[in-house]
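Student: give me a model of this one.
(one chain, ligands or ions: 2)
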Amino acid sequence: MLVDNIKLTIIAGDGGNGSAHLLHDAQTSKGGPDGGNGGDGGNIYFQGSHNITDLREFRYKKKIVAASGADGKGQKMSGKNAHHITVFVPLGTRITDPASRDVYEMTDTTTRILMARGGIGGRGNVEFKTPTNQTPRTIEYGTHGEEKQLFLELRLIAEIGLIGLPNAGKSSLLAVLTHATPKIADYPFTTLEPNIGMMGATAIADIPGLIDGASKGKGLGIDFLRHIEKTKILIHCIDLTNTSPKTSYDTVRKEFKKFNTGLLAKPEYILLSKSDLVSDTTIRKTRALFEKSGKNVLTCSIYDQKSIDALKQTLVDLLEKHNDSP
Ligand SMILES: Nc1nc2c(ncn2[C@@H]2O[C@H](COP(=O)(O)OP(=O)(O)OP(=O)(O)O)[C@@H](O)[C@H]2O)c(=O)[nH]1
Ligand SMILES: [Mg+2]
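Tutor: Ligands and ions are numbered 1, 2, ... in the order given. All right, here's what the predicted structure looks like:
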């Protein structure tokens, strides 16, 4: 199951308490204060990562808690600072803190955002020694770590979305373009949840097939239209053995229009699939059909490695083109 939104509680570590220790040993009958400071609590940071494709790991990990700083000790020993925690989330995650209304978009892998600050360690009694008070018992308690309830939502599940009617060969393409191993079969609705694979650092999503009426919940319903919203570039797969390719294409576009016209504005490329099963004439004719209406058309077969290599290169070029443009 593709998990694209979750609630999460994060609690940074508390600061350790200062120590009220007084020095006692054989030489010192009336020992002065020697209590050290408490250590600082652990911070919680968030950072984007290419290695995670959805939020499923947070389904069971509802709470992330950083350790507290250790208390100070005698002999002016400071308590240890707690380790900080970095929570990695997929690129394209939007993190919202409803209490402060802060919103963070995780769009790169290098920025580390301090989401919950750990408490500060309290001072030990040694810090409170004054000329008039040589044996203070005063100490400070560590302050509490910040606690936040966050909403995480995956705004972008992949740069590239493979879309089209059931059985068009979307999962087969994902399998040859990436290391993903989706289920592939010669019947419609084999894919029930989007599969995501990585082509280098680029995420590609294989979205379940759409049919007429999807925007009203037919077939696998609107969830997949919602997933398509979360991809940048659409590769619209059309099976070359389909006798009315334009009708197939229009069916999907019509559902887009009904669901969210924003989908129609996404960069879209036509990918004519299963070219090994048809004649060159059919390929030429189908190509012309789409080119006539100003579409960019690609052709491939999963059994023709050359066509797959060319497709990979084209996708890399497309990404560059679309990432350069605002
Ligand atoms: N000959 C040939 N068969 C292909 C090619 N690509 C896919 N197929 C076959 O077409 C059938 C459907 O492929 P899938 O990849 O499961 O299609 P899909 O678009 O993911 O289908 P859904 O998940 O149902 O939407 C399978 O039997 C594949 O083996 C191709 O390039 N050439
Ligand atoms: Mg499939």
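Student: please work out which residue of the stretch 1-150 of the chain is closest to ligand 2.
Tutor: Residue of the stretch 1-150 of the chain nearest ligand 2, by C-beta to the ion: L2 (13.5 Å). C-beta coordinates here come from the backbone N, C-alpha and C atoms, glycine included.
Student: need the contact list for that residue.
Tutor: Contact analysis of L2 by C-beta atoms under 8 Å, 6 or more residues apart in numbering lists 54, 56, 157, 193-194, 196, 227.
Student: what about 10 Å?
Tutor: Listed by C-beta atoms under 10 Å, 6 or more residues apart in numbering, the contact set of L2 reads 53-56, 154, 157, 193-196, 205, 207, 223, 227, 230.
Student: in this structure, where is pLDDT below threshold?
Tutor: For the chain, the stretches flagged by pLDDT under 70 are 1, 26-30, 220-221, 324-326.
Student: how about the residues of it by ligand 2?
Tutor: 171, 190-191 (C-beta under 5 Å from the ion).
Student: distance check, the closest residue to G118 other than its chain neighbours against ligand 1.
Tutor: Sequence neighbours aside, G41 is the residue nearest to G118 in space, at 3.2 Å (criterion: C-beta to C-beta, 6 or more residues apart in numbering). According to C-beta to the nearest ligand atom, to the nearest Å, G41 stands 48 Å off from ligand 1.
Student: pick the one among the residues of the chain next to ligand 2 closest to L114.
Tutor: For those, the closest approach to L114 (C-beta to C-beta) belongs to T191, at 39.1 Å.
Student: gap between N260 and P166?
Tutor: Plainly put, N260 is 21 Å away from P166 if you go by C-beta to C-beta, to the nearest Å.
Student: ligand 1 contacts on this protein?
Tutor: 166-172, 184-186, 188-191, 208-209, 273-274, 276-277, 301-303 (C-beta under 6 Å from any ligand atom).
Student: thinking again about what came up before, so how do I select the buried members of the contacts of L2 in PyMOL?
Tutor: If you want just the buried ones from the contacts of L2 in PyMOL, going by 16 or more other C-beta atoms under 10 Å, the selection is:
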select buried, resi 53+54+55+154+157+193+194+195+196+205+207+223+227+230
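Student: okay, now the domains of this protein?
Tutor: Following automatic domain parsing, one gets these domains for the chain: 1-155, 158-324.
Student: need the contact list for the residue of the stretch 201-326 of the chain found nearest ligand 2.
Tutor: For the stretch 201-326 of the chain, the residue closest to ligand 2 is D206, as judged by C-beta to the ion, at 5.9 Å. Going by C-beta under 10 Å, 6+ apart, D206 touches 158, 160-163, 169-175, 177-178, 180, 182, 184, 191, 193-197, 235, 237.
Student: which of those fall within strands?
Tutor: If you go by DSSP state E, those have 158, 160-163, 195-197, 235, 237 in strands.
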